[in-house]
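Novice: What follows is a predicted protein model with its sequence.
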Amino acid sequence: MPLFRSKAEEQVRQAGYDPARLPPGQYLTDKWPVLHAGEVPETDLATWDFRVFGEVEEPLTLTYDELLALPATEVTTDIHCVTRWSRFDTRFKGVHWRELARLCRPKPSARFVIAHAEAGFTANVPLAALEDENALVCYGADGEPLAPEHGWPLRLVVPSRYFWKSAKWLRGLELSATDKPGFWERYGYHNDADPWREERYAF
Ligand SMILES: Nc1nc2c(c(=O)[nH]1)N[C@H]1C(S)=C(S)[C@@H](COP(=O)(O)O)O[C@H]1N2
Ligand SMILES: [Mo]
């Protein structure tokens, strides 16, 4: 393990980055890997919608155009997959939670968010993780629309957690007073998924 760690660090240094940016047990990748369960879904924007529901005063149903019309945010951030790749400085574009919160007005009871994606995929994070400056409901990456395999038309990006929490093909955010383990969390992955604490598995 120490040997692997120093090799991974050396690689980060050679790529011109501060090795402190690499969480424990990760290695740097330049390409952006594609990982998911199942197939890339077919999406028809004419019938597509995005919902924010649950513990909110004003449930939302937005079309893609309505979502794109909200104030956009761009962040440049590092992402970390539990399969051990990390990618630095991806430029994500989308809508920050604060814009959706302004419209849906979360109730004080809202403490968790369950992301709902196509084909029944879900992922759970504390609401606080969506309030991070670097978290986004995302429709663009590296100056382009998201590629279908990376979640077009919409995905979640929560860089503070392992990337499985960043649901692709996102269709809704459910605000909840209680936490509800998502797809990978029910398979034994860690509920909190902090890469800096190496919270990979629940056991
Ligand atoms: N809808 C959906 N989103 C998903 C997944 C999935 O299986 N289905 N897998 C997650 C996992 S395990 C990872 S590592 C990231 C990968 O995103 P990428 O393919 O854009 O790198 O998507 C996450 N989002
Ligand atoms: Mo993953």
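Specialist: Yep, that arrived. Ligands and ions are numbered 1, 2, ... in the order given.
Novice: Spell out which parts of this structure neighbour ligand 1.
Specialist: Listed as neighbours of ligand 1 in the chain under the rule C-beta under 6 Å from any ligand atom: 32-37, 81, 117, 121, 150, 163-164, 166-169. The C-beta positions use only the backbone N, C-alpha and C, and glycine is treated the same way.
Novice: Pull out the buried members of the residues you listed.
Specialist: Among the residues of the chain next to ligand 1, the ones that count as buried by 16 or more other C-beta atoms under 10 Å are His36, Cys81, Ala117, Phe121, His150, Phe163, Trp164, Ser166, Ala167, Lys168, Trp169.
Novice: Which of those residues fall in strands?
Specialist: Using DSSP state E, the subset of these located in strands is Ala117.
Novice: could you pick out which of the buried ones among the residues of the chain next to ligand 1 are near ligand 2?
Specialist: Among those, the residues within reach of ligand 2 (C-beta under 5 Å from the ion) are Cys81, Trp164.
Novice: which among the buried ones among the residues of the chain next to ligand 1 gets closest to Ala15?
Specialist: Cys81 (17.4 Å; C-beta to C-beta).
Novice: For the closest one, list the residues it contacts.
Specialist: By C-beta atoms under 8 Å, 6 or more residues apart in numbering, the contact list for Cys81 reads Pro33, Leu35, Tyr162, Phe163, Trp164.
Novice: ok, which pair from those residues is furthest apart?
Specialist: Using C-beta to C-beta, these span at most 13.3 Å, a distance reached by Pro33 and Tyr162.
Novice: Dump the longest strand along the chain to CSV, keeping only the CA atoms.
Specialist: Assignment by DSSP E gives strand 85-95 as the longest strand of the chain. Provided in CSV are the C-alpha atoms of strand 85-95 (Å, rounded to 0.1, in the frame of the first residue of the first chain):
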residue,chain,number,x,y,z
TRP,A,85,-9.7,6.9,-10.3
SER,A,86,-9.6,10.6,-9.7
ARG,A,87,-9.9,13.3,-12.4
PHE,A,88,-8.7,16.8,-11.7
ASP,A,89,-10.1,20.1,-12.9
THR,A,90,-13.3,19.0,-14.7
ARG,A,91,-15.3,22.1,-15.6
PHE,A,92,-18.9,21.5,-14.8
LYS,A,93,-21.8,23.9,-15.8
GLY,A,94,-25.3,23.8,-14.4
VAL,A,95,-27.6,25.1,-11.8
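Novice: quick one: average confidence on that strand?
Specialist: Mean per-residue pLDDT for strand 85-95: 98.
Novice: for stretch 165-182, same thing?
Specialist: For stretch 165-182, mean pLDDT rounds to 98.
Novice: returning to that earlier point: can you redo the contacts of Cys81 as CSV with distance to Tyr187?
Specialist: What follows is the contacts of Cys81, written out as CSV (distance: C-beta to C-beta, whole Å):
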residue, distance to Tyr187
Pro33, 19
Leu35, 14
Tyr162, 13
Phe163, 15
Trp164, 10
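Novice: taking the mean pLDDT, what do you get for whichever strand or helix holds Ile79?
Specialist: Assigning secondary structure by DSSP states H and E places Ile79 in strand 73-80. In this model, strand 73-80 carries a mean pLDDT of 98.
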